[in-house]
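**Student:** below is the sequence, then the predicted model.
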Amino acid sequence: MDQDLVVIEKGAIAVQDGKIVAVDTASRITQNYSASKILNGEGKVVFPGLINTHTHAAMVYFRGLADDLPLKVWLEEHIWPAEAKWLSPEFVRDAVELACLEMLKAGITAYADMYFFGDAVAESTRKIGMRAVVGSGVVDFPSATGNNADDYLTNAERFIKNWKGDDLIVPSVADHSAYACSPETLRRSKALADRHEVMLQIHLSETAWEVNEILSRYGRRPVAHLDALGLLDERLIAAHCVWLDPEEIEMLAKAKTNVSHCIESNLKLASGIAPVVKMLLAGVNVSFGTDGAASNNDLSILSEMSTAAKVHKALSGDPTALNAKQAMLMATRPGAVALGLGSHCGSLEAGKAADIVLADLNKPHLLPLYDIYSHIVYSMNASDIDTVLVNGKIVLEGRKLMTADEAEIVAKAVQWGKKIQEGHSHS
């Protein structure tokens, strides 16, 4: 997934000290390098780790808790009460381990998280061995982690200082939205992110309700509102961007703002479908996000690619729209750029971190093979992912987690589920 979209048949990759040293044909690599461990790629395809640019990892514990509802009802009557009841560092720590396990098994090596208890998110992610841009949540109302914007911004600054310089975890600021954060809170968040040179994450123009709400409050649409507050730039990850007019698409392109396209969550909540083909034409950096598992309901970028490529063809009436190569790109290199890690990962190139996925092609649904991009985007499932390396470390091998006890992670999820179920049925 480099600039020239090179595909190497019978290829090999040399990895040393967490970095890719060389990518070439197997014969050349074996001539020039010897290794203490060789991973067999026979019958497999190797590609860069997929990147999930928007999720709420800990919400895996609310998967299937409240389905088939509009966003506002889903949030205000089900999700927020459940969070108010259950959120704690322990809940987040356990839930994030399950989310990371699920993402790794789907070939995702890096993700952007927006939630609370950032330290717990970061600790679990590190333990499992994944890469993440972890957002410290900011809203204007009380929650489990603070009472007001001052609390959240103080938390965020402490969190950034704690994790700055970590080799897997990149701290960031996560403002919920322009309706949950006042203009003053948004400006202060931006100043904090700029001061520490970290990313800022936000939900943007997700629903028609949000657009009307921001219009009635401030007399301008959400993208224009963020633009006026100075938030639009290459360090902003804007999730959703469903309801955009042509001027807003131009604003996002001009500012080099990163858009995370969460098509399955948007379809499921009937929020609408983001104008991705128009955004790409305008030069916006668009990548894929899964959103939380409470509104998706899985954390698979493979299925996001497949769904997006097909829906945008139908919408535009153009079977060539969002082709397999474009979808695969959005899941890799532009995704890395969106996380502020463009020079670090997103492609298999010498000098980049060894975030590498091996998927098994010896499957009925992956035979015969004519075009590898087509196979990955239209035919491959998460269960085809065999081995995953992050930062040169093997974290999944033969579909088995190498960094923690998988059975324990699963058992904890079952236990939490029982507790939440009992609590939910009484409320």
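**Tutor:** Looks like it arrived, so ask away. Note that the structure is predicted; figures quoted are calculated from it, not measured.
**Student:** what's the single longest helix in the chain?
**Tutor:** helix 406-426 (DSSP state H).
**Student:** which stretches in the stretch 151-300 of the chain count as helices?
**Tutor:** 183-196, 208-218, 222-228, 246-255, 263-268, 276-282 (DSSP state H, counting those that start in this stretch).
**Student:** with mean neighbour count added, can I get those helices in TSV?
**Tutor:** In this view, the C-beta of every residue, glycine as well, is placed from N, C-alpha and C. Formatted as TSV, the helices of the stretch 151-300 of the chain follow (neighbours: other Cβ atoms under 10 Å):
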stretch	mean neighbour count
helix 183-196	18
helix 208-218	15
helix 222-228	22
helix 246-255	18
helix 263-268	22
helix 276-282	18
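**Student:** which one of these lies closest to residue 396?
**Tutor:** helix 263-268 (23.0 Å; Cβ to Cβ).
**Student:** in the stretch 301-427 of the chain, which spans are strands?
**Tutor:** 356-360, 385-390, 393-397, 400-401 (DSSP state E, counting those that start in this stretch).
**Student:** chain center to the longest one: distance?
**Tutor:** Going by Cα atoms, centre = their mean, to the nearest Å, the spacing between the C-alpha centre of strand 385-390 and its chain's C-alpha centre is 17 Å.
**Student:** so what strands line up beside that strand?
**Tutor:** Paired neighbours of strand 385-390 in the sheet (DSSP bridges): strand 356-360 (antiparallel), strand 393-397 (antiparallel).
**Student:** identify the residues contacting that strand?
**Tutor:** Contacts to strand 385-390, defined as Cβ atoms under 8 Å, 6 or more residues apart in numbering, come from residues 15, 39, 44, 49, 104-107, 109-110, 129-131, 168, 353-360, 394-399.
**Student:** buried sites along the longest helix of the chain?
**Tutor:** Neighbour counts over helix 406-426 (16 or more other Cβ atoms under 10 Å) mark 406, 409, 412-413, 416, 420, 424 as buried.
**Student:** save those as CSV, and put in distance to residue 298 and pLDDT too.
**Tutor:** As requested, the buried residues of helix 406-426 are arranged in CSV below (distance: Cβ to Cβ, whole Å; pLDDT from 0 to 100):
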residue, distance to residue 298, pLDDT
406, 17, 98
409, 16, 98
412, 19, 98
413, 14, 98
416, 18, 98
420, 18, 94
424, 21, 78
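**Student:** what's the weakest-modelled helix or strand in the protein?
**Tutor:** Across the helices and strands of the chain, mean pLDDT, DSSP states H and E gives its lowest value to helix 71-73, namely a mean of 87.
**Student:** ok, residues contacting that helix?
**Tutor:** 206-207, 209, 269, 271, 295.
**Student:** likewise for stretch 393-407?
**Tutor:** Contacts of stretch 393-407 (Cβ under 8 Å, 6+ apart): 18, 39, 97, 101, 104-105, 127-130, 383, 385-389, 409.
**Student:** and what of stretch 252-259?
**Tutor:** Contacts for stretch 252-259 (Cβ under 8 Å, 6+ apart): 53, 223, 227, 232-234, 236-239, 241, 244, 251, 274, 279, 282-287, 334, 337-338.
**Student:** redo that, cut-off 7 Å
**Tutor:** Here stretch 252-259 makes contact (Cβ atoms under 7 Å, 6 or more residues apart in numbering) with 223, 232-234, 236-238, 241, 279, 282-287, 337-338.
**Student:** buried only: go through these for me.
**Tutor:** In the contacts of stretch 252-259, burial by neighbour count holds for 223, 232, 236-238, 241, 279, 282, 284-287, 337-338, counting by 16+ other Cβ under 10 Å.
**Student:** between these, which is nearest residue 70?
**Tutor:** Nearest to residue 70 among the buried ones among the contacts of stretch 252-259, with distances taken as Cβ to Cβ, is residue 241, at 18.9 Å.
**Student:** so what's the closest one closest to, chain neighbours aside?
**Tutor:** residue 259 (4.7 Å; Cβ to Cβ, 6 or more residues apart in numbering).
**Student:** so what's the one you found bridging to?
**Tutor:** If you apply DSSP bridges, the partners that residue 259 bridges to are residue 238, residue 286.
**Student:** ok, it - how many residues close by?
**Tutor:** Neighbourhood size, residue 259 [other Cβ atoms under 10 Å]: 30.
**Student:** tell me the spacing between it and residue 405.
**Tutor:** Here residue 259 is placed at a distance of 37 Å from residue 405 (Cβ to Cβ, to the nearest Å).
**Student:** re the thing from before, report the buried residues of the least confident helix or strand of the chain.
**Tutor:** residue 71.
**Student:** rounded mean pLDDT for the next helix or strand after that helix, please.
**Tutor:** Moving toward the C-terminus from helix 71-73, the next helix or strand (DSSP states H and E) is helix 80-86. Across helix 80-86, the average pLDDT comes to 92.
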